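S.K.: Structure here, sequence nowhere to be found:
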């Protein structure tokens, strides 16, 4: 397993605590910077990930590391489930999500709660689908988080995970590394009060066990028929698995 990358300094709290602090700090600028830094392509990637659940037609969805709720809102629009529950360890991000829920009058279909991905506050075999968008690389214990996602899924349920990965081909790899390591932190520092958050981003992606290594971890935690679908020359990947 790759070494643990933390947002701030080793010894100044667990990874979980530091990630929660980081997202609390950047919550107000998070949505703007997400779309700005990805040139809006993140919206297309989210839709592709959500479409992986179309055939299943899930009624009850758990969105882990829901953040400000963008992925869940897109899932509501495309899949029309009865309900989505979003959990996150950052209250600051959930506050933004709740404001959106209230503004869009979606409280009957989308609710958010403070929760730990490794100790999800739900009974086993409950959800038709579990989703995570750009959140698994922030888990403190990746295997534990995947195992708990598997636990709360109904038999036959599906997990869909969208996460950054590392492109291998020239010149995408070189351009990607330059943009992620130099441009992203600079823009993040300009707009966010927490510049370190946007240096942590490329570091956490570099340390993340992507591709076959990640599907191997999904297999290890009980998922079946696991697949990895690279997007945009491998900049991003959609991982799927069944219970």
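M.R.: Here it is on my side, so go on. Model, not experiment: these values are computed from the prediction.
S.K.: Quick one: residues in contact with the strand ranked longest in the chain.
M.R.: Longest strand of the chain, by residue count under DSSP state E: strand 153-164. Applying CB atoms under 8 Å, 6 or more residues apart in numbering, the contact partners of strand 153-164 are 45-46, 49-50, 52-53, 56, 58, 71, 125-137, 149-150, 205, 208, 210, 214, 218, 223, 235-243. C-beta here means a position set from N, CA and C on the backbone, and glycine is covered the same way.
S.K.: Now do the buried residues in that strand.
M.R.: Within strand 153-164, the residues scored as buried using 16 or more other CB atoms under 10 Å are 153, 154, 157, 158, 159, 160, 161, 162, 163, 164.
S.K.: Same question for stretch 86-103.
M.R.: 86-90, 92-94, 96-98, 100-101.
S.K.: same thing with stretch 201-216?
M.R.: 201, 202, 203, 204, 205, 206, 208, 209, 210, 211, 214, 215.
S.K.: now swap in stretch 55-71 and tell me
M.R.: Neighbour-count burial for stretch 55-71 [16+ other CB under 10 Å]: 56, 58, 61-71.
S.K.: roughly how far is it from the heart of the chain?
M.R.: Put simply, stretch 55-71 sits 11 Å off its chain's centre (CA atoms, centre = their mean, to the nearest Å).
S.K.: what pLDDT, on average, does that stretch get?
M.R.: Averaged across stretch 55-71, the pLDDT comes to 97.
S.K.: returning to what we had before: filter the buried residues of stretch 55-71 down to just the ones in strands.
M.R.: If you go by DSSP E, the buried residues of stretch 55-71 have 61, 62, 63, 64 in strands.
S.K.: Out of the residues you listed, which is nearest to residue 22?
M.R.: Using CB to CB, residue 64 comes nearest to residue 22 of these, at 17.2 Å.
S.K.: ok so, going back, between the buried residues of stretch 86-103, which sits nearest residue 172?
M.R.: residue 93 (30.2 Å).
S.K.: Give me the residue ranges of the chain where confidence is low.
M.R.: 1-3, 7, 11-12, 36-37 (pLDDT under 70).
S.K.: Okay, strands next: where are they in it?
M.R.: 60-64, 83-88, 110-114, 127-133, 153-164, 224-231, 236-242.
S.K.: The ones you listed into CSV, with extra columns for distance to residue 16?
M.R.: What follows is the strands of the chain, written out as CSV (distance: least, CB to CB, whole Å):
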stretch, distance to residue 16
strand 60-64, 13
strand 83-88, 12
strand 110-114, 12
strand 127-133, 15
strand 153-164, 18
strand 224-231, 25
strand 236-242, 22
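S.K.: looking at these, which is closest to residue 5?
M.R.: Using CB to CB, these put strand 153-164 closest to residue 5, at 12.9 Å.
S.K.: Can you give the distance from that closest one to the centre of its chain?
M.R.: Relative to its parent chain, strand 153-164 has a centroid offset of 12 Å by CA atoms, centre = their mean.
S.K.: same question, stretch 33-51
M.R.: Offset of stretch 33-51 from its chain centre (CA atoms, centre = their mean): 12 Å.
S.K.: Buried residues in it, which are they?
M.R.: 33, 34, 37, 38, 42, 45, 46, 49, 50.
S.K.: Not counting the lengthiest helix in the chain itself, show me its contacts.
M.R.: Using DSSP state H, we find that the single longest helix of the chain is helix 15-37. With contacts defined as CB under 8 Å, 6+ apart, helix 15-37 is touched by 4-8, 12-13, 42-43, 67-68, 70, 88-93, 95-96, 116, 138, 140, 184, 187-188, 191-194, 196-198, 200.
S.K.: This completes my enquiry, with thanks.
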